[in-house]
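Visitor: Just need the structure, nothing else, for what follows:
(chains A and B)
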Amino acid sequence: MSEQAVTAQSEDFSRWYNEIVYRADLAAPSPVRGCVIIKPYGYEVWEGIKAGLDRRIKETGHQNAYFPLFIPESYIKREAEHVEGFSPELAVVTHAGGKALDEPLVVRPTSETVIGEAFSDWIQSYRDLPLLINQWANVVRWELRTRPFLRTAEFLWQEGHTAHATHDEAEEETLQMLDVYADCAVNDAAIPVIKGEKSRMERFAGAMRTYTIEAMMRDKRALQCGTSHNLGQNFAKAFDIRYLTEANTQEFCWTTSWGLTTRMVGAVVMTHGDDKGLRLPPKLAPYQVVIVPIYRRDAQRNAVLETVDRLREALTESGMRVHVDRREGQSPGFKFNDWEMRGVPLRMEVGPRDVENNKAVLARRDVMGRAGKQFVSQDGIIKAAQDLLADIQRSLLDDAREFRDAHIQNASSYAELREIVAAGDWARAYWAGSDEDEAAVKDETGATIRCFPFEQPNDRGQCVKSSQLAQKIALFAKAY
RNA sequence: CGGGGCGUGGCGCAGCCCGGUAGCGCGCACGGUUUGGGUCCGUGAGGUCCCCGGUUCGAAUCCGGGCGCCCCGACCA
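Guide: A predicted model of the protein is given here:
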């Protein structure tokens, strides 16, 4: 026994999460509190998310640009709610080049302010609109409690910033980008998400409306996976982003911003992982197929490795990401466990018997034991592997959706809501309460309003807290 | 910032109460053995015992001060 098994999810989910992150080689601790080193294996997962998202961002007409890491402190203070929201968690540079700076520089926590300032220069006329910009960057928020990927002092993300002539256009953009996020989550990460609008309390600092995609992790806690904000004219007014209309009048623009972060890597871990370790969706897996050669003696070794190389080449040529585990010191059993922990969707075993019979074993990560194992002819191996990968991608999504739906319940009274939340589930309930009511729910139950889902019943009901007539159902859950 | 815990080879820990040659497991290197579900044996490399000061013939251990980290809460993508 050379490696301990990981802590079971049911025993201690946080501990399980941390162990997986480090042992699957996604990340490593950093010398700076609250930061992590993203290791190649974890970074490749992020690159997969990034590639799919970047493609969609471009397909919807946006262009990438890059704005500076440092923001003059005065910029942050221009939009009242924005300052209030972000000042507690800013990192500020006060010295550079050996002397105190005239004006301190904030390390960006987000870029609405610098980009807003630039937009005010770039936009003169209605002909300059809409302006559709995205940037891939790192940002810093000095959070008090951090966890790898989920909340780190520095994180990587994409932040989109757009300016429009009308409210409706800005709203349409905001919702479009939320759809893009949902599409990435569902179709690439195999994470089912609920689209909805944030409550006033949970809204982005300075936004008119914030939309979100919310996902359920394996411990049933909610994770906000991406947000899209309609900023109204708040930032346009603070940064003087105006345009001349066709009728030659000055109008303020309507702006939006939207972001998705490396938190998504954590979401993948916590949505699909099991007691054996990670389960990566094939679309994001750095290695989709890992080949484990099995042999006893040198004579067998050559024959096996020859077959392995041939199969690897064939799979790679047909577009699959393949890794051959050539480590000499480890037994096949060790390797099986190792790759299961690292979440590789499909394992191929090639041993002397397979060489002889022109076969190979394919074992899927999402179905453990014999049930997930099959002997396949080498002649049809490409199709078999492709079909299995597609099926694994689908089944991870289905599993996650089934799990989630089994843990969302309707609450028709506050007592019911408390009970549901206490059991760890999510509660759907009519809501027309005030900010104070919302704060009280958080206080009394630990749950927050994750969103008002877009999907609503065609009905009205009584608010579980204020007893007022409510137009909408809200989703309550304990969140990360 | 409030409450709790911990700093000892890369990782996880023991030793500390009761001062006396710094230990164990894993990992790592080398040799052999094994290989279709976490092989086994041998040899070896690797340590400012968080830092500063004090007590003492002698401090990982006792005393004083500092620093750092982790967990729980408030803040948050």
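
Visitor: Let me know the secondary structure of A:Phe142.
Guide: Residue A:142: Trp, not Phe. State at A:Trp142, reduced to three classes by DSSP: H, G, I helix; E, B strand; the rest coil: coil.

Visitor: so who does the residue lying closest to it once chain neighbours are set aside touch?
Guide: Using C-beta to C-beta, 6 or more residues apart in numbering and skipping the chain neighbours, the partner closest in space to A:Trp142 is A:Glu89 (4.6 Å). Bear in mind the C-beta positions are built from the backbone N, C-alpha and C, glycine included. Taking C-beta atoms under 8 Å, 6 or more residues apart in numbering, we find A:Glu89 in contact with A:Pro109, A:Arg141, A:Trp142, A:Glu143.

Visitor: One more pass at 10 Å, please.
Guide: A:Pro109, A:Val140, A:Arg141, A:Trp142, A:Glu143, A:Leu144, A:Ala153 (C-beta atoms under 10 Å, 6 or more residues apart in numbering).

Visitor: what's the spacing between it and RNA strand B?
Guide: Noted for A:Glu89: a distance of 6 Å to RNA strand B, by C-beta to the nearest atom of the strand, to the nearest Å.

Visitor: just A:Pro457 next, same as before
Guide: 26 Å.

Visitor: excluding its backbone neighbours, what's nearest that residue?
Guide: For A:Pro457, the spatially nearest residue (C-beta to C-beta, 6+ apart) is A:Ile473, at 6.5 Å.

Visitor: In the sheet, which residues pair with the one you found? Tell me.
Guide: Assessed by DSSP bridges, A:Ile473 has beta-bridge partners A:Tyr430.

Visitor: That one contacts A:Gln456, doesn't it?
Guide: Yes - A:Ile473 is in contact with A:Gln456 according to C-beta atoms under 10 Å; the separation is 5.8 Å.

Visitor: Please say which of those two ends up with more neighbours.
Guide: The neighbour count for A:Ile473 versus A:Gln456, taken as other C-beta atoms under 10 Å, is higher for A:Ile473 (22 against 13).

Visitor: For the more buried one, which residues are in contact?
Guide: Here A:Ile473 is in contact with A:196, A:410-411, A:427-431, A:452-453, A:455-457, A:459-461, A:464 (criterion: C-beta under 10 Å, 6+ apart).

Visitor: Out of these, which sit inside helices?
Guide: Among the contacts of A:Ile473, no residue falls in helices (DSSP state H).

Visitor: Assign A:Lys58 to one of the three secondary structure states.
Guide: The local conformation at A:Lys58, judged by three-state DSSP, is helix.

Visitor: ok, now A:Ala247?
Guide: The three-state assignment at A:Ala247 reads coil, by three-state DSSP.

Visitor: Report the separation between A:Arg127 and A:Tyr43.
Guide: Relative to A:Tyr43, A:Arg127 is positioned 41 Å away (C-beta to C-beta, to the nearest Å).

Visitor: and these two? which has more neighbours close in?
Guide: The neighbour comparison of A:Arg127 against A:Tyr43 (other C-beta under 10 Å) goes to A:Tyr43, with 18 against 9.

Visitor: Pull up the overlap in contacts between A:Ile473 and A:Gln456.
Guide: Shared contacts of A:Ile473 and A:Gln456, counting by C-beta under 10 Å, 6+ apart, come down to A:Gly196, A:Arg428.

Visitor: Quick check on the contacts of A:Ile473: which are buried?
Guide: Buried members of these, counted by 16 or more other C-beta atoms under 10 Å: A:Gly196, A:Ala411, A:Ala427, A:Arg428, A:Ala429, A:Tyr430, A:Trp431, A:Phe452, A:Pro453, A:Gly461, A:Val464.

Visitor: and which of these is nearest RNA strand B?
Guide: Of all those, A:Gly196 has the smallest distance to RNA strand B: 13.1 Å, by C-beta to the nearest atom of the strand.

Visitor: residues in contact with the residue nearest to the closest one when sequence neighbours are not counted?
Guide: Using C-beta to C-beta, 6+ apart and skipping the chain neighbours, the partner closest in space to A:Gly196 is A:Cys451 (2.9 Å). Neighbour list for A:Cys451: A:194-199, A:202, A:210-214, A:222, A:224, A:227, A:474-477 [criterion: C-beta under 10 Å, 6+ apart].

Visitor: what's the answer for A:Asp366, then?
Guide: Residues near A:Asp366 by C-beta under 10 Å, 6+ apart: A:272, A:274, A:279-282, A:343, A:345-346, A:372, A:388, A:391-396, A:399.

Visitor: Do a quick rundown of the strands in the stretch 301-450 of chain A.
Guide: Taking DSSP state E, counting those that start in this stretch, the strands of the stretch 301-450 of chain A run over residues A:322-324, A:346-350, A:359-364, A:373-377, A:408-410, A:426-431, A:448-453.

Visitor: Perfect, I'm done here.
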